[in-house]
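Asks: Give me a 3D structure for the following:
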Amino acid sequence: MQTTLNHAVTFDGVGLHSGASARLVLRPASAGHGIVFRRVDLDRDRDVAAIWSNVSQEPLNTRLVNAAGVSVATIEHLMAALSGTGVHNVLCEIDGPEVPILDGSAKDFVRAIVETGLKRLSAPLYAIEILRDVEVAQGAAVARLSPATSLQIEFHIDFPDAAIGRQEKTLNMANGTFVRELCDSRTFCRQSDVDTMRANGLALGGTLENAVVVQGAEVLTPGGLRHQDEAVRHKMLDALGDLYTAGGPVLGRYTGNRAGHALTNKLLRAVFADQKNWRWVTCDHQIAARLPGVGVRLSDLCAVA
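Replies: Residues are numbered from 1 along each chain as shown. Below you'll find the predicted structure:
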């Protein structure tokens, strides 16, 4: 069955790139509503559906834009939290153009959702089954979706900084894996990237408290890493959030090699460009048991956050 939140939850913080303060309120929504952002600071054209066709392909974050040009940026960590906790319908009210970055991971979103709990709705849940391999590339970066009975994510990264280096990880996202393994992994960048972004008016809200910043072999963020492979875990977190803009849970294996937000959106566009690539399936008990948010408990979160 489809779900929504039991109660509204509120988050306050700054946007990673804009540096602007924002309040985000997640409100319960009816069956079939999906995930919709509402810019409450605007008077018109303020609803933006979190769907792949509304995504503006950008390298540093996932930004939604509606037909009137109204946008909401940096949605990926929240989308990962919604996917990883099994929330299908929610109204995301926000009073600014960017979702609060919080600590740079999804754990605060996850904790609030799990503590609030979910309400089951009397409507069937449909998933998107991948029927054949679809692959896109941009330079050395590659993203692929292949048939699978559950959502699986495989990711490979390779950075010159010794603090990151080459990392790879594969996880079956079924039944709480996201909450236990990925949700506390923070966004990361190199100090040189921070300098470049700020010179271009970006990362204005970025601090050592909401991102892992590295320089060569050194981790500049106080307290160091939460996981030795935190960087690749965060890339998997991003991928889960970006895949949730498909419009429902995905049954398929995602493989990313140096992939990012823009390439994952390009992959979804390639999937939906041909009906032979996918189909809707009704989630019976067996399929539902393999979805990322099914069976999540607060103890799963306590293990990492």
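Asks: by contact count, what packs against the helix or strand hosting residue 233?
Replies: Under the criterion of DSSP states H and E, residue 233 resides in helix 230-243. Secondary-structure packing of helix 230-243 (3 or more C-beta pairs under 8 Å, 6 or more residues apart in numbering; DSSP states H and E): helix 76-85, strand 152-158, strand 166-172, helix 177-181, strand 188-190, strand 212-215, strand 253-257, helix 261-272. To be clear about C-beta, it is placed using only N, CA and C from the backbone, and glycine gets the same treatment.
Asks: roughly how far out does the fifth one sit from the chain middle?
Replies: So that's strand 188-190. 18 Å (C-alpha atoms, centre = their mean, to the nearest Å).
Asks: Please write out the alpha-carbon positions of the next helix or strand after that strand in CSV.
Replies: Remark: after strand 188-190, the chain's next helix or strand is helix 191-199, criterion DSSP H and E. Taking Å, rounded to 0.1, in the frame of the first residue of the first chain, the C-alpha atoms of helix 191-199 are listed here in CSV:
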residue,chain,number,x,y,z
GLN,A,191,39.2,22.4,-0.6
SER,A,192,40.1,23.5,-4.1
ASP,A,193,36.5,22.8,-5.2
VAL,A,194,35.2,24.9,-2.3
ASP,A,195,37.4,27.8,-3.4
THR,A,196,36.3,27.5,-7.0
MET,A,197,32.6,27.3,-6.1
ARG,A,198,32.7,30.3,-3.8
ALA,A,199,34.5,32.3,-6.4
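Asks: The helix holding residue 233 versus helix 261-272: what angle between them?
Replies: 40 degrees (axes from the mean of the first three to the mean of the last three C-alpha atoms, to 10 degrees).
Asks: angle of helix 230-243 against strand 253-257?
Replies: 130 degrees.
Asks: and helix 230-243, average pLDDT?
Replies: In this model, helix 230-243 has a mean pLDDT of 98.
Asks: Go through that helix and flag the buried ones.
Replies: 230-243 (16 or more other C-beta atoms under 10 Å).
Asks: who's in contact with the following helix or strand past that helix?
Replies: Following helix 230-243 in sequence order, the next helix or strand is strand 250-251 (DSSP H and E). Strand 250-251 is contacted by residues 127-130, 145, 148-151, 243-244, 281, 287, 290 when judged by C-beta atoms under 8 Å, 6 or more residues apart in numbering.
Asks: So what are the sheet partners of strand 250-251 and their directions?
Replies: strand 126-130 (parallel) (DSSP bridges).
Asks: Can you name the element that comes right after the strand it pairs with?
Replies: strand 134-138.
Asks: Provide the angle between the direction of that next one and the direction of strand 253-257.
Replies: Using the same axes, to 10 degrees: strand 134-138 against strand 253-257 is 20 degrees.
Asks: Off-centre distance for strand 134-138?
Replies: Taking mean C-alpha positions (C-alpha atoms, centre = their mean), strand 134-138 and its chain are 20 Å apart.
Asks: Excluding covalently adjacent residues, which one is nearest to residue 18?
Replies: residue 98 (4.8 Å; C-beta to C-beta, 6 or more residues apart in numbering).
Asks: Please name the residues that touch that neighbour.
Replies: 15-18, 20, 22, 72-74.
Asks: let's see it at 7 Å
Replies: 15, 17-18, 20, 22, 73-74 (C-beta atoms under 7 Å, 6 or more residues apart in numbering).
Asks: cool, residue 70 as well?
Replies: Per C-beta under 7 Å, 6+ apart, neighbours of residue 70: 39, 42, 45-46, 48.
Asks: Please flag which of the residues you listed sit within helices.
Replies: Of these, none are assigned to helices by DSSP state H.
Asks: biggest separation within these, which pair?
Replies: 42 and 48 (10.4 Å; C-beta to C-beta).
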